[in-house]
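Undergrad: 3D model of this:
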Amino acid sequence: MAEKKPSASAKPTHTPFMQQYLRLKSDHPDKLLFYRMGDFYELFFDDAVRAAKLLDITLTTRGQTAGEPIRMAGVPYHAAEQYLARLVKMGESVAICEQVGEVTGKGPVERKVMRVVTPGTLTDTALLDVKTENRLLALSFSRGKMGMAWLSLASGDFALMDSTADKLASELERLRPAEILVADDAGLALFDQASAVVRKLPPWQFESAAAVRNLSRHFETHDLAGFGVSEGMLALGPAGALLEYVRSTQGGALPVLAGLRCESQSQYIELDAATRRNLEITETIRGESSPTLFSLLDQCATGMGSRLLRHWLHHPLRSSSKIMQRQNAIAALLATASFEPIHAALDCVADVERITARIALSSARPRDLSSLRDSLAALPALIAVLPQDDFFASLGKALSPDAQILSLLSAAIQTEPSVVLREGGVIADGYSSELDELRTIQTHGGEFLLELEARERERTGIPTLRVEYNRVAGYFIEITNSYSGAVPDDYRRRQTMKNAERYITPELKLFEDKALSAKERSLVLEKALYDDLLQRLQPYLGALRLAAQALATADVLASLADRAERGNYIAPQFVEGQLLRIEAGRHPVVEAQIDDFISNSVDFSVARKLLLITGPNMGGKSTYMRQVALIVLLAHVGSFVPVQSATIGKLDRIFTRIGASDDLAGGRSTFMVEMTETANILNNASENSLVLMDEVGRGTSTFDGLALAWSIAKALIEKNRAYTLFATHYFELTRLAQDYPVVANVHLDAVEHKDRIVFLHAVQEGPASQSYGVAVAQLAGVPKDVVRQARKKLLELESNSVQGGMQGDLFATASVMQIEPEPHPLQDALAGIDPDELTAREAHDLLYRLCALL
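TA: Down below sits the predicted model:
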């Protein structure tokens, strides 16, 4: 049960300190409030209880306010980031409240919430995965339509798109947002499957007209037409809500935004949520990061490159010109063997993209700026190893930002600055004469005191005179009582000791005033200089963002070239029309894990649209199907592919129905999940789609499954006419090839020797001869007596099948099944009649109507 929290309105019952806390907390009721008190961030009341449980920190009680005990928990200021990282991973949001006023002794120190840390608005390196984009997504729904906008503070990418509400799951899987904003009147049941934090906002924040005004004001444009955005887009409301939410969490600051990008589904090959999971593009079915297509290809030297590669893999292109641009770039890298020198040069480059975002938000740390300086200094070496063509020349231009940036950073920042600004040692010597003087006082004060002591001994003739310092008396000149008669008139007594007197002179007093305040004054000045430096860098943020994009692009292309070289990949060819021909293709991920991968081909055309794949379990059917899809996906990313040759025609979508598990949270069984995915394919696949169907119908009874598999295959042939790989254990389906010329049978074979099975993994024309299910069971370790009984039963069933004339055949089921006839219209007419209720006239009229139905 939640602890009752005192109200800020009952002011007479609270101390001024507690009134301040409750007022600040009331502005952030749904967030944990980190309340700065000296060297700790303290949490109070319900926040303390919750934080103690989540972070496993001590919960205490100190005093009371308004008759209620004050529950407290705290984390050290210097270790706050690690605690924030843990909270954010748990989906929590935290308001950071800092001391902004001076200690006066009159009332509590002034405090202010400086920033709000939420899962979708992170920019700090310690809180982010270096290889994953951290996105904030806003959504709006209306009459089956969906408007969506997303923003990454760490990269400045800002985009919007209109879609349909039924694409929600696919878009969530594509974008993988860390946080979702919706109007509080939206049905949250829509997001039951979302892994992100869902935050409800007032509906007025999604108002389109206000969004257009705010966005135009931010980008300093008359309207948004220049971004390709029409004012009727539903996504405008979410885009405006995003902008204001970010402004509120960042204390009014905004990141450097790369404009407003208007996306369209026609730009990319569509992949639904099931396809992204089944192809294990960036995450395995079990939720692991490896082995995946991304983990195989990611040889990037920078986090920027890894994040861009991840984006490319989830956004395969339709535009052949853009695909060829990437292909040609990879070919140039291979021809000049420059991908290794590029990666060597990139090893010296930091995450310029995220550093730029933190500069824009004035949250960059000293090491960020020194890393940026060193990265800019490394760019000429990178430019020197780029291939000499127009594409890389454009990258080289972006990699040559204004030299003033490097000059400014080199002059302003120490070679190895302190980790945090409050420790000093950040601003370089020579940048500020005032700071240099304060540092000189601190570092060379001892030399001055020795020099003063020597001068005063000479002036006074007192050989035992000493200039010293302690925390009680400060700086002083000590003279023993035996020389008290030789003390000059300008000495002023500071302290009397048993055997000596301590004095101060005007010169020593002036030095003391400077020395005692030099450390504090230097830290204050250094912070002011650092803040000014961040402001002086603001005009260069656009150029830095372009440089970051160029760095990431060069990194990804070098990584893809490296994989092409290592894996003997080649460039696929693209043609117009309906054609998909792959010769000697290989599964890119599987072949990297085994020594002797068997390559296989696939041949689709207008005259050959569906391949029925049969063969034993573990024979390689699923691998073969995924292999085709991954090769096609890689080709549209612009990568070289693991084939001997590949020719690919027009393609719009990739669908997969491979494997299944139940959806307990959604109340769906394994078979229901399978049928839902199948329905999506049948309702959306076109003649230019690639469809993978693996063992459809296996989740129900034999006859039900067989009937469904047959009718689904028939629909794909007749209606969708998609390129289809249809794996099945229902051998009856192989007869479809007799009725449909566009259907071809292929199989993956195996051989059995002395009750042992060897899988050949080679795709061959024609249907398989048997399933080898018992042999696979033996290979899996099923007890020998069970396997023996299974073989005996199998022989018995096969014998009965032969004696019966044929195995149960789907195409013969109509003659053996009792099929209920369609009801006659007379039955329908008579069903609702009660003869006892009819009058003579009504009975007469009814008789005529019934006669008319015969």
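Undergrad: how are the strands of the stretch 401-550 of the chain distributed by residue range?
TA: Assigned by DSSP state E, counting those that start in this stretch, the stretch 401-550 of the chain shows strands spanning 466-470, 474-480, 492-496, 500-504.
Undergrad: so which of the ones you listed is nearest residue 112?
TA: strand 474-480 (35.4 Å; C-beta to C-beta). Where C-beta positions appear, they are placed from N, C-alpha and C, glycine not excepted.
Undergrad: picking up where we left off before, dump the strands of the stretch 401-550 of the chain into a markdown table; add distance to residue 654, mean neighbour count and mean pLDDT as well.
TA: A markdown table is the format used below for those (distance: least, C-beta to C-beta, whole Å; neighbours: other C-beta atoms under 10 Å; pLDDT from 0 to 100):
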| stretch | distance to residue 654 | mean neighbour count | mean pLDDT |
| --- | --- | --- | --- |
| strand 466-470 | 76 | 15 | 91 |
| strand 474-480 | 78 | 20 | 93 |
| strand 492-496 | 85 | 13 | 93 |
| strand 500-504 | 84 | 19 | 95 |
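Undergrad: okay, buried residues for stretch 374-385 please.
TA: Buried positions in stretch 374-385, judged by neighbour count with 16 or more other C-beta atoms under 10 Å: 374, 375, 376, 378, 379, 382, 383, 385.
Undergrad: mind pulling up the pLDDT for the fourth one?
TA: The one in question is residue 378. Listed pLDDT for residue 378 reads 96.
Undergrad: I figured it hits residue 345, correct?
TA: Yes - proximity of residue 378 to residue 345 meets the contact threshold set by C-beta atoms under 8 Å, at 6.5 Å.
Undergrad: residues near the residue nearest to residue 268 when sequence neighbours are not counted, how many?
TA: Once flanking residues are discounted, residue 268 sits nearest to residue 315: 4.9 Å by C-beta to C-beta, 6 or more residues apart in numbering. Neighbourhood size, residue 315 [other C-beta atoms under 10 Å]: 15.
Undergrad: same check on the one 10 residues further on?
TA: Around residue 325 there are 14 other residues, counting by other C-beta under 10 Å.
Undergrad: quick check: which element contains it?
TA: helix 320-336 (DSSP states H and E).
Undergrad: contacts for that helix?
TA: 317, 338-339, 342, 387, 389, 391-392, 557-558, 560-561, 564-565, 571, 574, 635-640 (C-beta atoms under 8 Å, 6 or more residues apart in numbering).
Undergrad: list the backbone torsions phi and psi for the closest residue to residue 409 other than its chain neighbours.
TA: Nearest-residue entry for residue 409: residue 373, 3.8 Å, with adjacent residues in sequence omitted and distances by C-beta to C-beta, 6+ apart. Note on residue 373: backbone dihedrals following degrees, to the nearest 10 are phi -60, psi -50.
Undergrad: now swap in the one 5 residues further on and tell me
TA: Phi and psi for residue 378, reported as degrees, to the nearest 10, are phi -90, psi -10.
Undergrad: how about residue 757?
TA: Torsion angles, degrees, to the nearest 10, at residue 757: phi -120, psi 140.
Undergrad: can you check residue 692 too?
TA: phi -110, psi 120.
Undergrad: can you give me the distance of it to residue 230?
TA: As defined by C-beta to C-beta, to the nearest Å, residue 692 lies at a distance of 36 Å from residue 230.
Undergrad: more neighbours: which of those two?
TA: Taking neighbours as other C-beta under 10 Å, residue 692 and residue 230 compare with residue 692 leading, 25 against 11.
Undergrad: residue 407 is in contact with the residue nearest to residue 409, correct?
TA: No - at 9.8 Å, residue 373 does not count as touching residue 407 under the criterion of C-beta under 8 Å.
Undergrad: and which of the buried residues of stretch 374-385 is nearest to residue 160?
TA: residue 375 (31.1 Å).
Undergrad: what about that closest one, helix or strand, and which?
TA: Using DSSP H and E, residue 375 falls in helix 366-384.
Undergrad: what is the orientation angle of the next helix-or-strand element following that helix with helix 320-336?
TA: Using DSSP H and E, the next helix or strand after helix 366-384 towards the C-terminus is helix 390-398. The directions of helix 390-398 and helix 320-336 differ by 90 degrees, with axes from the mean of the first three to the mean of the last three C-alpha atoms, to 10 degrees as the criterion.
Undergrad: show me what helix 390-398 is packed against.
TA: Helices and strands touching helix 390-398, by 3 or more C-beta pairs under 8 Å, 6 or more residues apart in numbering; DSSP states H and E, are helix 320-336, helix 541-567.
Undergrad: what's the pLDDT at the residue of the chain most remote from its centre?
TA: The C-alpha centroid of the chain is most remote from residue 485, which lies 80.1 Å away (C-alpha atoms, centre = their mean). Residue 485 carries a pLDDT score of 90 in this model.
Undergrad: sorry, back to before: pull the CA atoms of whatever helix or strand comes next after the helix holding residue 325 into CSV?
TA: Next helix or strand after helix 320-336 toward the C-terminus (DSSP H and E): helix 339-346. Output of helix 339-346 as CSV, limited to C-alpha atoms (Å, rounded to 0.1, in the frame of the first residue of the first chain):
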residue,chain,number,x,y,z
PHE,A,339,38.3,-0.7,-46.4
GLU,A,340,41.1,-1.8,-43.9
PRO,A,341,42.9,1.6,-43.9
ILE,A,342,39.5,3.3,-43.5
HIS,A,343,38.7,1.2,-40.4
ALA,A,344,42.2,1.9,-39.1
ALA,A,345,41.7,5.7,-39.4
LEU,A,346,38.2,5.4,-37.8
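Undergrad: helix 339-346: which residues count as buried?
TA: Result for helix 339-346 [16+ other C-beta under 10 Å]: buried residues 339, 341, 342, 343, 345, 346.
Undergrad: ok, now stretch 407-414?
TA: So, applying 16+ other C-beta under 10 Å, buried residues of stretch 407-414: 408, 409, 410, 412, 413, 414.
Undergrad: returning to what we had before: got the phi/psi numbers for the residue nearest to residue 268?
TA: According to degrees, to the nearest 10, residue 315 has phi -130, psi 60.
Undergrad: so it makes contact with residue 270?
TA: No - in this structure residue 315 lies outside contact range of residue 270 using C-beta under 8 Å: 10.3 Å.
Undergrad: need the contact partners of stretch 83-95.
TA: Residues contacting stretch 83-95 (C-beta under 8 Å, 6+ apart): 24, 27-28, 30-34, 51, 54-55, 75, 113, 115-119, 122, 124, 126-127, 197.
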